[in-house]
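Student: With the input below, show me the fold.
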Amino acid sequence: MTKRPAPNPFGELIGIAGVRSAAGRSRCHFTVLPALLNPHRVLHGGVMFSVMDTNMGDALYTLLEKGESCATIEIKINYLKPVARGRLVCTTRVVQRGRRIAVIESDLRQGRTVVAKALGTFAIFARLPAPDRPGNPDA
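Tutor: Numbers count the residues shown, from 1 in each chain. Sure, this is the predicted structure:
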């Protein structure tokens, strides 16, 4: 069974769709829209970063135990090709899941071309009690 974190309004805002996550892996896609372009008329690096960060969390979430949560500690990203339009696919896998730290890698592709590659480190910790709110997995 695939475990999912709470709904992700930010992911929806930037157009993340088709999320499939299981067994330490995750995949999603999004379409480059004019609102996501930087002043040079190419996809903003922050959008690429956010998609990969979100997909890394989705992949790790499938390996968390009940009562655990995770958060990004650090991500190193290489932007390899500019993108101005089209559909991008993000593919992610957990490289190593330790007791308190996980290392995760992610590729962002347009067709067969890798346009960005990232390596992330995530903290794993006991989920803190959260206030009642819509979408809270502990509510």
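
Student: Show me which positions of the lengthiest helix in the chain end up buried.
Tutor: Counting by DSSP state H, the longest helix found in the chain is helix 45-61. By neighbour count with 16 or more other Cβ atoms under 10 Å, helix 45-61 contains the buried residues 47-61. Just so you know, the C-beta spots here come from the backbone N, C-alpha and C atoms, and that holds for glycine as well.

Student: How about the nearest residue to Ala59 once chain neighbours are set aside: which residues does it bridge to?
Tutor: Spatial nearest neighbour of Ala59, chain neighbours left out: Ser26 (3.8 Å); criterion: Cβ to Cβ, 6 or more residues apart in numbering. Beta-bridge partners recorded for Ser26 (DSSP bridges): Ser21, Thr92.

Student: Could you check how far Ser26 is from Ala84?
Tutor: Going from Ser26 to Ala84 by Cβ to Cβ, to the nearest Å gives 26 Å.
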